[in-house]
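Student: Predicted structure and sequence below. I'll ask about it afterward.
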Amino acid sequence: MPDHLPQPPEAPGAQPSSARPKGRIDLSLTRRILTLTIPVALTRQMENLVGFADIYMVGRLGREAISAVGISRVVIMVIVVMMIAVTTGTFALVAQAIGAGDRRRASATAKQSFTLIGVLSILISLIGVAASPLLLTALSVKPEVVALGAPYLRVFFGGIVFMTVNFGITTCLQGAGDTRTPFYIGILISAVKIVASYVLIFGVWGAPELGVTGAAVGTVIGRACGVVVGFWALYSGRFAIAFLPGTTYRPDISLARRILKIGIPSALQGLFRNGSGVIYVKLVALTSASTTAVAAYAIGSQIERTLRTTSLAFGTAATALVGHSLGAKDPDEAERRGWTVVLIAILFAAGLGIPIALFARPLIAFFTDAPDVINVGIIYLYALALAEPFMCAAITAGGGLRGAGDTIPALYYTIVAQWLIRLPTAYILAFSLGYDIVGIWAALVVFSALQGILTARKFGKGEWKTRRI
C-alpha cells in the first residue's frame, strides 16, 4: 500500500504479537481508537447540527412545523434502514479485505454494493413518494402536521438516491480505515444543505418560499454534492480504497449473496428498531397533550441523536478494528480491540450524559419558548442521560460482532429489548398506571439496559472469532 494512503491497523510498525497485552483490555489502543472514532463522531455530529438547524429554522414557523419535521424523520429512518442490508455487509467485507491487504477484493465489493444500492434506492423512492401521507396519518398526528410533513417526505424520497449513495461511499471508506475523508465530504454536504435550506424555507435572495418542504429540498441538494465528490475520491486512487480497473458494477450473485448474508440481519435489526421507534412515537402522540409531547420528542430526539451518534462512531471503530484483525488472521487481537472500544465508549457516553442532564432546561428552551414543551422535554433528557451508556455498550459490542460478520445476535436482542420490553413497558406505565408521557420516557431506560447487557454478553462469549464470511 502506498505510503500516502491511510494505513489499516495491521500496517507495518504495529505492535508485534509477542509484545501485546494478554488481557481483554489494551489501553495502548486508545489513540488508534480515537483516531478512527473522532472523525466519524464529528461527521455524525455535523449531521446532527444540520438537524438542529432544520428544527431551529422550521421552529420559526410554529410547533406544527417542528412536529412535521420530527415525525417525518422517524418515517424516513424506517424506510432507509433497508440500506443497512447492503452497507453492513460491505463494511465487514471491505474491512477484512483491507486487513488481508487485498485492495482488488475491496474494490470489487465496493462496486457490487453500489449496484445493490441503486436497485434498493429505486424501490424506496417509489414506495416513499406514493405512501407519504398514509405513513404520517398512521402515526395519529394531527391533520395540520400531515399537511406539512407529506410534501417534505415526497421531496426527500424523490431524491433519496443521493442519500443512499452517500451512505455507500462513507461505508467503503470507513471500512478501509479512512474516517477522515467522509468527514471532509460531510463538511461540504452540511454547508451546502444549511445554506440551501435557509434560502428555500424562507424564500430569500429571490428563491421560492417553500416552508417546511424547503428543508427537504436543501437536504437533496447537499447530498447530491456529496455524491459527486465521493465518487471522485473513490476513482482517484489516492485513498485507502479505490475503484480499480478490472472490477465491475455488473451483478455478481456470489458476492451479492455474501454482502446480503451479513447485511440482512442488520437491516432487519434496524427495521425492528425503527419500527419500534415509530410505535413509540405513536404512543407519545396518544398521551394527554399530544402536540406538546410530539414537539418535545422532536426536540429531545435531536439531542438524543447527538449522544447516539457518538456511540455509533465507536461502533464503527469496533467494526473496522475487529474486521481488520480478523482479515489479518489475529482473532485474539480482534477481541482485545473490541473490548477496549466498548470500555472507552461507555465512559464517553456517561461523560456526555452528565451535561445533557445538568443543562436540560436551557437545551430544550433553545428551540422553543413554550413552557409545556420545555417541561416535558426536560424529563426526556434525564431519561436519556441514564439510558445512553447501556445503549452505547449495545452499539459498540454489536459493532465488534459486525466486524466478524456475526449480525444475527443483535437482531434477536433488538426484538427482545425494543418490542417485548420497551413498548409494553411504555404502554403500561403511560396508560395503565397513569404516568402519561413520563412513563413513556422511563421505558427508554429499561430497554436500553437490557439490550446493552445482552449484546455485551454475546460478544464476551467469543464464538464470533471462528466465524468465516
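Tutor: That came through fine.
Student: What separation do you get for residue 56 and residue 92?
Tutor: Taking CB to CB, to the nearest Å as the criterion, residue 56 is separated from residue 92 by 37 Å. Placement of C-beta: from N, CA and C, glycine included.
Student: swap that for residue 452, sorry
Tutor: Distance from residue 452 to residue 92, by CB to CB: 22 Å.
Student: just residue 143 next, same as before
Tutor: Distance from residue 143 to residue 92, by CB to CB: 44 Å.
Student: returning to that earlier point: who has more neighbours out of residue 452 and residue 92?
Tutor: residue 92 (32 against 26; other CB atoms under 10 Å).
Student: Quick one: list the elements packing against the helix of greatest length in the chain.
Tutor: The residue-count maximum for a helix in the chain (DSSP state H) belongs to helix 290-327. Contacts defined by 3 or more CB pairs under 8 Å, 6 or more residues apart in numbering; DSSP states H and E place helix 290-327 against helix 30-59, helix 63-80, helix 84-99, helix 160-175, helix 253-285, helix 331-358, helix 360-365, helix 371-403.
Student: any idea of the mean pLDDT for it?
Tutor: Helix 290-327 shows a mean pLDDT of 85.
Student: Also stretch 257-272?
Tutor: 84.
Student: Name the residues that touch it?
Tutor: 78, 81-90, 92-93, 109, 112-113, 116, 402, 405, 407-408, 410-411, 414-415, 418-419, 469 (CB atoms under 8 Å, 6 or more residues apart in numbering).
Student: wait, residue 402 sits on residue 90?
Tutor: No: using CB atoms under 8 Å, residue 402 is not in contact with residue 90, being 11.1 Å away.
Student: all helices of the stretch 101-250 of the chain, in order?
Tutor: 103-137, 143-158, 160-175, 180-202, 212-236 (DSSP state H, counting those that start in this stretch).
Student: Comparing those helices by mean pLDDT, which bottoms out?
Tutor: Among the helices of the stretch 101-250 of the chain, helix 143-158 scores lowest, at a mean of 83.
Student: Packing partners of that helix?
Tutor: Checked by 3+ CB pairs under 8 Å, 6+ apart, helix 143-158 has helix 63-80, helix 103-137, helix 212-236 packed alongside it.
Student: related to what we said a few turns ago, let me know which of the helices and strands packed on helix 290-327 is the nearest to residue 311.
Tutor: Closest to residue 311 of the helices and strands packed on helix 290-327, according to CB to CB: helix 371-403, at 3.9 Å.
Student: residues near residue 206, how many?
Tutor: 6.
Student: Okay, it and residue 200: tell me how far apart.
Tutor: 11 Å.
Student: Outside of the helix or strand where residue 426 lies itself, list whatever touches it.
Tutor: Applying DSSP states H and E as the criterion places residue 426 in helix 423-427. By CB under 8 Å, 6+ apart, the residues outside helix 423-427 that reach it are 276, 279, 280, 283, 439, 440, 442, 443, 446, 447.
Student: chain center to it, what's the gap?
Tutor: Its chain's average C-alpha position is 24 Å from that of helix 423-427, according to CA atoms, centre = their mean, to the nearest Å.
Student: for the record, mean pLDDT for it?
Tutor: 92.
Student: could you say what helices and strands the helix or strand following that helix packs with?
Tutor: Next helix or strand after helix 423-427 toward the C-terminus (DSSP H and E): helix 437-461. Judged by 3+ CB pairs under 8 Å, 6+ apart, the packing partners of helix 437-461 are helix 253-285, helix 331-358, helix 371-403, helix 408-414, helix 423-427.
Student: Out of these, flag the one nearest residue 315.
Tutor: helix 371-403 (3.3 Å).
Student: buried stuff in the closest one?
Tutor: 373-374, 376-403 (16 or more other CB atoms under 10 Å).
Student: how about residue 404, phi and psi?
Tutor: Dihedral pair for residue 404: phi -90, psi 0, per degrees, to the nearest 10.
Student: which ones are touching the closest residue in space to it that isn't next to it in sequence?
Tutor: Once flanking residues are discounted, residue 404 sits nearest to residue 464: 3.9 Å by CB to CB, 6 or more residues apart in numbering. Contact analysis of residue 464 by CB under 8 Å, 6+ apart lists 400, 401, 404, 406.
Student: Next one: residue 464 from residue 398, what distance?
Tutor: Residue 464 is 11 Å from residue 398, by CB to CB.
Student: can you check residue 461 too?
Tutor: 14 Å.
Student: next one: residue 115
Tutor: 27 Å.
Student: before we move on, what about residue 106?
Tutor: 23 Å.
Student: again with residue 186
Tutor: 23 Å.
Student: same question, residue 299
Tutor: Residue 299 is 27 Å from residue 398, by CB to CB.
Student: Against residue 232, how distant is the residue nearest to residue 244 when sequence neighbours are not counted?
Tutor: Distances taken as CB to CB, 6+ apart put residue 107 closest to residue 244, at 4.2 Å, once the chain neighbours are dropped. Relative to residue 232, residue 107 is positioned 16 Å away (CB to CB).
Student: Looking at those two, which one has more neighbours?
Tutor: Neighbour comparison, residue 107 and residue 232: the larger count goes to residue 107, with 22 against 11 (by other CB under 10 Å).
Student: Report the contact partners of the more buried one.
Tutor: Counted by CB under 8 Å, 6+ apart, residue 107 has contacts 241, 242, 243, 244, 247.
Student: In strands, which of these fall?
Tutor: Within the contacts of residue 107, no residue falls in strands by DSSP state E.
Student: can you put those residues in a markdown table and add pLDDT?
Tutor: Formatted as a markdown table, these follow (pLDDT from 0 to 100):
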| residue | pLDDT |
| --- | --- |
| 241 | 88 |
| 242 | 88 |
| 243 | 90 |
| 244 | 89 |
| 247 | 88 |
